[in-house]
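**Q** I would like the atomic coordinates for the input below:
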Amino acid sequence: MFEPIPFEFLSTNEKLPQVLIKINGLEALCANLTCGYQYFTGNSSLTAQTLNYPSLFIQGNQIPFAEITQVIYGTVPCIVQNASDTSISCELIDYPLAGAWRTEVYTLEGMIPNAAIMLETPTPLQISNVSPTQNLNYLGGDAIVILG
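**A** Modelled structure (predicted):
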């Protein structure tokens, strides 16, 4: 008597990468064993970005603007206000973390790549208040609160 063979040990001789399917946590077979997919590189690219908080303006080539699902600057989502095949303007929902960032634009077909000429935009560290400001131990050890 032989036990059932788990799906992870079964495969077919395919030339394309295969997709694994689970339904309610159980492995499933594709209809007619057609689980292949093909990766392709589109013609879209992002070429420049300008940040004037909270507005972010992105320029690019052949942007599939009707298919945009998400725009992210650093770690902050950006709500699309206007989009065309050469530009996107959006509003950040929060101030981005300090650092240098490139925008990520996602569509129904995946992420639009950044062109080699796309530069990172520096985001400075914003400090609005430090406390306490007096009677600090010059040897250290005092708790300081920094507000951004």
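
**Q** Please make it C-alpha for all contacts and neighbour counts, starting now.
**A** Fine.

**Q** who's in contact with the closest residue to Ser89 other than its chain neighbours?
**A** Using CA to CA, 6 or more residues apart in numbering and skipping residues adjacent in sequence, the residue nearest Ser89 is Phe57, 4.5 Å away. By CA atoms under 8 Å, 6 or more residues apart in numbering, the contact list for Phe57 reads 49-51, 87-90.

**Q** do Val145 as well
**A** So Val145 contacts 130-132 (CA under 8 Å, 6+ apart).

**Q** lowest confidence element among the helices and strands of this protein?
**A** Of the helices and strands making up the chain, the lowest-confidence element is strand 26-28, at a mean of 80, by mean pLDDT, DSSP states H and E.

**Q** buried sites along the helix or strand following it?
**A** Scanning forward in sequence from strand 26-28 by DSSP states H and E, the next helix or strand is strand 45-52. By 16 or more other CA atoms under 10 Å, the buried positions in strand 45-52 come out as 45-49, 51.
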